[in-house]
Every structure is written in C-alpha cells, then in structure tokens.
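Here's my sequence, what's the structure:
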Amino acid sequence: MMKTSGYDHAIRALAFDDVLALLAQECVNIAARDAVLALRPSPNTTAIRERLAETDEYRALREQVGDIHIPDTGYRETVKRIAQGERGDASALRRIADGENAVRELRRGVIDRKDTSPLLATIAAGSLPNETFVRDAYKALDAEGQVRDEASPELKRIRRDIQAAKSGLRE
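Residues are numbered from 1 along each chain as shown. Below you'll find the predicted structure:
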C-alpha cells in the first residue's frame, strides 16, 4: 500500500499540483522547475515561517529595486559533463561564463543589501561563481562564443599572419 502524506485530500481539493505547475512555468531552469514540482505541504512550522520570511524579504527587495533578474543556471549540467571529461565548445563555455557572471551580479546586489535582506544575503553568500573562469572566458570568447584574437598572443600572431597572407594574395 502506498504511503500518503496526510495532506492528499487537501492537495487534490486545492489543485495543489496544478498551482505548482503554474509556478514551475516561471522558473528559469529545469532544476528550479523540478524543485518547485517536488514541493509538498509540511507540518514543520519553523521551516514554513523561514520560507515566508524569505518570501517577505524578496517582496520588499523587489519593491525597493524593481524587477530582479534571476540568472538561468541551466548550464550546470554542461559543467558537470565537462568536469567528467566531455569537451565543451566555445558557445557552451560562453553561456557558462554569462551565467556565472549573472550569478555574481545577483549575489553582489543582494549581499550589498544585507542590512535590509539578511536572509537573502545568507542564501546569496552560498553561491560562489568562478570569477577566474568568467574573466578568462570573457577574455577569450566574444558574445557569440567566437574565439577572440586576444585569447592568446600566439593566436593573435597567427591570425595577423593569415590576414597579411590574404592581403598579399589579393595584391
């Protein structure tokens, strides 16, 4: 026999799963969507109060600063595959760098407001974007994921030599 949560009737009566599906549509990536869809009512009043306090802080922060861009961190699966040895292409690396940069900016903005948003600042402090990777990726890749001449002195020299050779051929 399947174990029930004790809230099964309420979940059905309130169309809880339908409400979660609507919320999940607003998530910025699959991991967040899955986390929302997995939510279930809880009798843990302490945890409920903590989540409500975080929600209140977020609402107040939005009223203070306007819309808050939550970065899409859906690239994390790509990072895991690359860490396991899969080769990442330039556009995937640029997408990762853009995501990490957006996380860094969100983190900085929230931590800068730790006096008015201490709970959110604590959550933000746990996100540690790879600053070195972002810097190196932005140096090496343009916005379209193309390798820049400045990626390395050798590449810059090779491309300059190719351009000179093309010019020589045209002449």
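
Go ahead and flag the most central residue of this structure.
By Cα atoms, centre = their mean, the mean C-alpha position of the chain lies nearest to T73, the distance being 2.6 Å.

That residue reaches N29, doesn't it?
Yes. Assessed by Cβ atoms under 8 Å, T73 is found in contact with N29 at 5.6 Å. To be clear about C-beta, it is placed using only N, CA and C from the backbone, and glycine gets the same treatment.

And the strands in the chain, which stretches?
With DSSP state E, there are no strands along the chain.

Pretty sure A121 sits against G109.
No. With contacts counted by Cβ under 8 Å, A121 stays clear of G109, the gap being 10.0 Å.

Extract the residue ranges of this protein that are flagged as low pLDDT.
1-5 (pLDDT under 70).

Recalculate using a threshold of 50.
1-3 (pLDDT under 50).

What segments of it are helices?
Using DSSP state H, the helices found in the chain span residues 8-13, 16-24, 30-37, 45-65, 76-83, 90-111, 118-125, 131-140, 153-170.

Out of the ones you listed, indicate the one that is most buried.
helix 90-111 (a mean of 18; mean count of other Cβ atoms under 10 Å).

contact partners of it?
61, 65, 68-75, 78-79, 82, 88, 117, 120-121, 123-125, 127, 129-131, 133-134, 137-138, 141-147 (Cβ atoms under 8 Å, 6 or more residues apart in numbering).

ok, now stretch 142-158?
89-95, 139-141, 159-160.

One more: stretch 51-70?
Outside stretch 51-70, the residues that touch it by Cβ under 8 Å, 6+ apart are 28, 102, 106, 109-110, 113, 116-120, 123.

what sits against N29?
With Cβ under 8 Å, 6+ apart, N29 has these contacts: 72-74.

Let me know the closest of those to S42.
If you rank those by distance to S42 using Cβ to Cβ, T73 comes first, at 25.2 Å.

where does that closest one fall, phi/psi-wise?
Phi and psi for T73, reported as degrees, to the nearest 10, are phi -110, psi 30.

quick one: it and L119, what's the gap?
20 Å (Cβ to Cβ, to the nearest Å).
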